[in-house]
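K.L.:
Here's my sequence, what's the structure:
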Amino acid sequence: MKNIFAFNTANVAADGTMTPDGNAYITRRASSSVQGDLEEKREAAARVERASSLPLWLLIIEFIAWLVFICCLGGTLKSLADTPLSVMYENAAAVFYVGGAAGIAALALWIAGRIRKKRVMQSPAVPYLTEEVNKAIARAKEDMEIPADAKCIDIFTCCYKVSAKGKIRYKGMCRYSNAEFYAFIRGDCLCLSTLEFEASIPLATVLSLQRIDKRAEFCGWNKEKAFNAPEYKPYKIRANQYGILFVKPYFSLRISGSQGDFEILFPPYEEQALRSLVNVPVA
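P.N.:
Residues are numbered from 1 along each chain as shown. The predicted model follows:
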């Protein structure tokens, strides 16, 4: 069963866009002018975001400095129960100097980063740019005819390539990317739309909502509140040190039509929103 929103990296159009495996369900695409304006505004916002952070090489130094400081501090505290501080200093003074210097450097870089971010975000250009981005998004929603009462739901998408031996290899740090879609009913179809394209799923082809009792790993969080906020605690979403999120179970909306058998994958916290649009049994 194919994921409608899986993208084979071999299927790249001349304009750089990729065609999903469920391309037969794509019924609308954004106009090039509106899409170009949106991308321009998003890139301007990304430049401001990059300008508000320290350069990558300084962030790496800050990370290493914190790591050295924590290791030195942890080792000192662990030994403190058995060895007096004066004896530890006498035997390994370098640990105190290196750890102290690393701590000072890490703190200084953290403060510098905070100051830089505050200075950039307080610039008069930021509110203007935010307004321009919001206007571009509103124009894109109008161009895509997304209704005002559409639900914002997360859907698992993925990018992959097929090796010479026919094996599927997923691109990126994890299998799924968590993408935000606008979901609504138009006529006899469930419509799932981004600001770039819309997929229309005839309700008659929707078979069931399948609970998948396996762990899904995904990148990206789209909700305003954090994944560990009280309303998301029942779903036991976890994150590792690289920012990859994990959740179990997740759901598959099964579809069968003339185009073949497909599925759309959702995180568990979107089950109720989906069921409010599509009345299907949970298998």
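
K.L.:
can you tell me the helix or strand for residue 265?
P.N.:
strand 260-266 (DSSP states H and E).

K.L.:
Which elements pack onto that strand?
P.N.:
Under the contact definition 3 or more C-beta pairs under 8 Å, 6 or more residues apart in numbering; DSSP states H and E, strand 260-266 sits against strand 2-3, strand 151-162, strand 250-257. Placement of C-beta: from N, CA and C, glycine included.

K.L.:
Report the mean confidence score over stretch 174-182.
P.N.:
Mean pLDDT, computed over stretch 174-182, is 93.

K.L.:
right, and residue 62 touches residue 110 too?
P.N.:
Yes: the pair residue 62 / residue 110 is scored as a contact, 6.5 Å apart, by C-beta atoms under 8 Å.

K.L.:
buried sites along stretch 185-195?
P.N.:
Neighbour-count burial for stretch 185-195 flags 189-195 (criterion: 16 or more other C-beta atoms under 10 Å).

K.L.:
Secondary structure, distance to residue 47 and pLDDT added to these, as JSON lines?
P.N.:
Output for the buried residues of stretch 185-195, formatted as JSON lines (DSSP: H, G, I helix; E, B strand; the rest coil; distance: C-beta to C-beta, whole Å; pLDDT from 0 to 100):
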{"residue": "189", "secondary structure": "strand", "distance to residue 47": "38", "pLDDT": "93"}
{"residue": "190", "secondary structure": "strand", "distance to residue 47": "37", "pLDDT": "95"}
{"residue": "191", "secondary structure": "strand", "distance to residue 47": "33", "pLDDT": "95"}
{"residue": "192", "secondary structure": "strand", "distance to residue 47": "30", "pLDDT": "96"}
{"residue": "193", "secondary structure": "strand", "distance to residue 47": "27", "pLDDT": "94"}
{"residue": "194", "secondary structure": "coil", "distance to residue 47": "23", "pLDDT": "92"}
{"residue": "195", "secondary structure": "coil", "distance to residue 47": "20", "pLDDT": "90"}
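
K.L.:
Make JSON lines out of those residues and add distance to residue 181.
P.N.:
Listed next are the buried residues of stretch 185-195 as JSON lines, based on distance: C-beta to C-beta, whole Å:
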{"residue": "189", "distance to residue 181": "14"}
{"residue": "190", "distance to residue 181": "11"}
{"residue": "191", "distance to residue 181": "9"}
{"residue": "192", "distance to residue 181": "5"}
{"residue": "193", "distance to residue 181": "6"}
{"residue": "194", "distance to residue 181": "6"}
{"residue": "195", "distance to residue 181": "10"}
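
K.L.:
and which of the residues you listed is nearest residue 180?
P.N.:
residue 194 (7.5 Å; C-beta to C-beta).

K.L.:
give me every residue that touches that closest one.
P.N.:
179-182 (C-beta atoms under 8 Å, 6 or more residues apart in numbering).
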